[in-house]
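1. Okay, here's the prediction I keep looking at, along with the sequence it came from:
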Amino acid sequence: MPDTKIAYINYYMPSNKVSVKDYLGTIGDDDIPRAFPGKDAYAEFIKEELEVEAIRVEDKLRDQEMLVNTVEQLFIDGAADPTDIDLIILAQEDDQRQKLNLGQFIQYEFELNNAYVLTVSGNHCANIDHAINLATQLGNKNDRLNNILILGSVKIDNPVHRLVGTYGIISDGAGVMLLNKGDKGLTLQDCKAVSAGRFHDINLDRDDSLILLKYYVKTIKELLGQASVTDGAIDHIITQNANPLLITQALHMAGLDVVKIFSENKSRYSHLDCLDVLVNLKDLIKQLEANHSQGQVLTFGTGWAGSFISSLYAYNYSWKLNN
């Protein structure tokens, strides 16, 4: 039987854009990161370093409505039948979930009666990276798990909560992945996850750059070592849509070429919490399909509470995703 692969990806992004200037007008001076003397300096940092002009803010739909529309498209596209779904993994933090029991709600809404629901949380911006690894491992080792949905949504009501220190500014959105044992898809070849419990009470105004860099490099190097690959074997690199300073330094130290980083969505959408990897994988694969390309993709994700994860995927044009 074929290995479990990512067979379909879909996401929803609000059309409503809020300029950085207007967004900063909704938060107080005391809410900006302590590294900056005022809003003007922070606005300049956002423009020059984060390269963000506006964020996406959902002003009409509730979080469950965003997710329902996104999942519905999967079934409209014929990627799977509702009766085929064996497992639903909701990858999301509680404070971004307005609908109680969101995974079970999606199960009810689409009558996914042959599935059960798991929740992956606590890894924050790396939740979906962890969910992909979990789903792949579960699917490969269980003959009964043939179709697995990974779900996530981000809808933040309090503007202050969109700030992740100097790392990024969060936009709203929703996404879905289907993993199955078909012949076509994106294959997770290897994965390395590292945790640093000392960050459980991290202060986003504290400078932890050196210790973060240590774990960034450790995670990436250990993945490359256990997968026995070098820079020459990696065609594309996906990072989060956030401050690139530390991660590019880490990639350099791991011997990787930062020119390979897929960065189109950094300015287009800004940081999307754990949805970054889902959105970037879909849009990178879309480019590869258009160019009839193939190769290996390395991803790196980090969650502010001490989760670091790097993954290696294989893509072949003949495995064209079903959307």
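-> Done, it's in.

2. measure the nearest residue to D276 once chain neighbours are set aside to T230 for me?
-> Distances taken as CB to CB, 6 or more residues apart in numbering place Q240 nearest to D276, at 4.4 Å, with adjacent residues excluded. The way it works is simple: take the backbone N, C-alpha and C, and place the C-beta from them, glycine included. For Q240, the distance to T230 equals 23 Å [CB to CB, to the nearest Å].

3. returning to what we had before: dump the residue contacts of the residue nearest to D276.
-> Q240 sits next to 125, 168, 247, 271, 276-277, 300-302 when contact means CB atoms under 8 Å, 6 or more residues apart in numbering.

4. With neighbour count, pLDDT and distance to N291 added, can I get the residues you listed in JSON lines?
-> Converted to JSON lines, the contacts of Q240 look like this (neighbours: other CB atoms under 10 Å; pLDDT from 0 to 100; distance: CB to CB, whole Å):
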{"residue": "C125", "neighbour count": "27", "pLDDT": "95", "distance to N291": "29"}
{"residue": "G168", "neighbour count": "24", "pLDDT": "93", "distance to N291": "29"}
{"residue": "I247", "neighbour count": "23", "pLDDT": "96", "distance to N291": "25"}
{"residue": "H271", "neighbour count": "25", "pLDDT": "97", "distance to N291": "27"}
{"residue": "D276", "neighbour count": "29", "pLDDT": "98", "distance to N291": "23"}
{"residue": "V277", "neighbour count": "29", "pLDDT": "98", "distance to N291": "21"}
{"residue": "F300", "neighbour count": "26", "pLDDT": "98", "distance to N291": "23"}
{"residue": "G301", "neighbour count": "27", "pLDDT": "97", "distance to N291": "25"}
{"residue": "T302", "neighbour count": "29", "pLDDT": "95", "distance to N291": "29"}
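
5. Which ones among those lie within strands?
-> 168, 300-302 (DSSP state E).

6. Among the residues you listed, which one lies nearest to G185?
-> The shortest approach to G185 among the ones in strands among the contacts of Q240 belongs to G301, at 19.9 Å (CB to CB).

7. Who does the closest one form a beta bridge with?
-> Note on G301: beta-bridge partners I309, judged by DSSP bridges.

8. With L178 instead?
-> Going by DSSP bridges, L178 forms beta bridges with Y8, L149.

9. got the contact list for stretch 224-234?
-> Residues outside stretch 224-234 that contact it (CB under 8 Å, 6+ apart) are 189-190, 192, 254-257, 260, 295-298, 312.

10. Of those, which is the nearest to T4?
-> Q189 (12.0 Å).

11. who's in contact with the spatially closest residue to that closest one that is not a sequence neighbour?
-> Spatially, and ignoring its direct neighbours in sequence, Q189 is nearest to L312 (4.8 Å; CB to CB, 6+ apart). By CB under 8 Å, 6+ apart, the contact set of L312 is 188-191, 223, 227, 229, 234, 296-299.

12. Cool, thanks, signing off.
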